[in-house]
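In: sequence-free structure coming up:
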């Protein structure tokens, strides 16, 4: 990687609005992401926070009811609102995406081999015996036993974990630089989830591929990603390197999510739920969208939307007015100088 | 005496596989010899992967479907699937909370009518105004507002719908509640609200429960004891701290090591099991886990291990012979 090279993908101030007939409802309020080759970034958030929409919008997959704004650059080239023809060259060959439910993403009436072959023909121009050999290699690569025989099977003959492997094999068919995995293991069992996560991690390392992992599961993201972004109501509220984010979360929402999560280790404690619920996109509160559910909210929070700002460590940013006042904030160690009370977060 | 006692419960389904003119006959052993006791006020967590028979066990325990063999007794009397007066009488003391609240609720009835329905069915003598008052009380206790009584399920959020399902299950103050994946469809912050609610209600009403989930973290939070199921059988059972922190069965070890949690990031050794859980139609001989087990021995292929006591817990594994069998286990 040379110093002058552009990042693989740069998203700047991406917005998405959906046509509701009488008016537009904004689902994404300007998000920024930068992904380098070989890097993995995890996106966490609850349903409706815009974590999937960001990437669907970047690939132009939202359909005609959506209006997107901002900029998405792949290797320095703008791809947002490009023509479908131009995008068709990118989708699958430069950027591939896999989804939560493999069974409904695969065509139930075609054999696995034909579906992988289609991707190979479109993206690499392979046909016939060459395509078959490559499909076999890909299935073997994603850890399927008897790959040659599997080519002749239908999706219903395979288990959920196997179907997800087929999806990954199809995504790899175009040798993409960036793989977007949208809840890739949510529909799978724990032991199968472990297999798929390990596979994705190995593929990323070996192919020097960027990986975007979208998940509602903090544990999965903590395990897989180098950088993590937490989203709430169509905005990124906190982003950091993975260790920093989980060791010292700064935004009250991130902290709330972690306190709400039961753990398998450590002493059993009562969960601390975040009160209230996620507001619908058409009815967002003014100012900070998390303020109505936040313990630390003040009047200032209701008046303005906080932007992302440095949160006490390199490349750690959070969107909150009260970063310094929260326990563990930078003001904290200064004031109780006489009392060496350690605030554990 | 335990409130619920399950002995050698089995449920086999006759199915036809493809092949031949009418297909080959085969048996799907959804539940294959499950035994456990539930003491009054206790919560037993049931964990396992999809298809291991957790939900079938729940239905069998409530008598919703008939068992192939084995017995279930509730407060001393047998639970059968004959849906007669005796069963209905028992059913008012046993309720179920489902995973998908939208599927479990009637979309065309206001939620207050659905919460009041068990009272109308089981206590028809209760006058309507008294029933409404009781519904109001229950709704408050599960954290629903009185003005939501006339709402329809689609007007509520997922967490609120699950509260309605819980309210309906609690309407008759049951002694025993089966919770089948009650929070799997909910977001993290809402999940914590519902889990806390269940804990509070249990404290207040003191019901016994069978808590089913694929999420080990949730089960640990909610249970006094846990049982791990694999292919229709319990492979390990004991207090959650023991089972999850020092698992003895290789399957439990793999399952526990596979949970991704923020606190374990980077510093755990993940045991990645090979292959998929086998289909319950072709259940392997001997120990059902042996084809995926990293430490399978020859006897695992031939003999099915029995659940044996190891102090506070029970394990079904040839690597862990019963302490009484001569080999004194170090633990």
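Out: Happy to help now that I have it. Model, not experiment: these values are computed from the prediction. Numbering: from 1, shown residues only, chains lettered A, B, ... in the order given.
In: switch to C-alpha atoms for all contacts and neighbour counts from now on
Out: OK.
In: ok, residue A:303 - how many residues close by?
Out: By other CA atoms under 10 Å in any protein chain shown, 12 other residues sit near residue A:303.
In: is it true that it touches residue A:289?
Out: No: when contacts are counted by CA atoms under 8 Å, residue A:303 is not listed as touching residue A:289 (10.5 Å).
In: what do these two both touch?
Out: Common neighbours of residue A:303 and residue A:289, counting by CA atoms under 8 Å, 6 or more residues apart in numbering or on different chains, are absent.
In: Provide a complete list of residue ranges assigned to helices in the chain.
Out: All of this is about chain A. Taking DSSP state H, the helices of chain A run over residues A:51-58, A:84-90, A:102-105, A:112-124, A:128-141, A:147-150, A:160-173, A:190-207, A:218-224, A:242-247, A:252-260, A:299-303.
In: meant chain B, my bad for not saying
Out: B:54-61, B:85-91, B:101-104, B:111-122, B:128-141, B:158-170, B:188-205, B:216-222, B:240-245, B:250-258, B:298-302.
In: who in the stretch 201-331 of chain B is up against chain A?
Out: B:214, B:216-218, B:220-221, B:244-245, B:254-255, B:258-263, B:265-266, B:270, B:272-274, B:276 (CA under 8 Å from any CA of the partner chain).
In: What residues does the stretch 51-200 of chain B have near chain A?
Out: Counting by CA under 8 Å from any CA, the stretch 51-200 of chain B sits next to chain A at B:187, B:188, B:189, B:190, B:191, B:192, B:193, B:196.
In: residues in contact with residue 87?
Out: Reading this off chain A. A:59, A:60, A:79.
In: The chain in question should be chain B.
Out: Residue B:87 touches B:63, B:79, B:80, B:81, counting by CA under 8 Å, 6+ apart.
In: Equivalent analysis for residue A:184, please.
Out: Counted by CA under 8 Å, 6+ apart, residue A:184 has contacts A:98, A:99, A:100, A:101, A:164, A:213, A:214, A:215.
In: Kindly recompute the last result at 10 Å.
Out: Shown in contact with residue A:184 (CA atoms under 10 Å, 6 or more residues apart in numbering or on different chains): A:97-102, A:161, A:164, A:167-168, A:193, A:196-197, A:200, A:213-215.
In: what do you get for residue B:101?
Out: Applying CA under 10 Å, 6+ apart, the residues near residue B:101 are B:153, B:158-166, B:182-183, B:185-186.
In: What's the nearest residue in the stretch 1-150 of chain A when you look at chain B?
Out: As assessed by CA to the nearest CA, chain B sits closest to residue A:46 within the stretch 1-150 of chain A, at 5.8 Å.
In: got any ranges where the stretch 1-150 of chain A has weak pLDDT?
Out: A:1-4 (pLDDT under 70).
In: how about the residues of it near chain B?
Out: A:45, A:46, A:47, A:143, A:144, A:145 (CA under 10 Å from any CA of the partner chain).
In: Of the residues you listed, which is the most crowded?
Out: residue A:45 (27 neighbours).
In: so who does that residue touch?
Out: A:51-52, A:214-218, A:229-234, A:236-237, A:253-254, A:257, B:187-188.
In: are any of the contacts of residue B:101 buried, and which?
Out: B:153, B:158-166, B:182-183, B:186 (16 or more other CA atoms under 10 Å in any protein chain shown).
In: Specify which member of the residues you listed is nearest to residue A:175.
Out: Of all these, residue B:186 has the smallest distance to residue A:175: 35.6 Å, by CA to CA.
In: who's in contact with that closest one?
Out: If you count contacts by CA under 10 Å, 6+ apart, then residue B:186 has A:46, A:47, B:99, B:100, B:101, B:157, B:158, B:159, B:162, B:192, B:193, B:194 around it.
In: Out of those residues, the closest to residue B:228 would be?
Out: Closest to residue B:228, out of all of the contacts of residue B:186 and judged by CA to CA, is residue B:99, at 19.2 Å.
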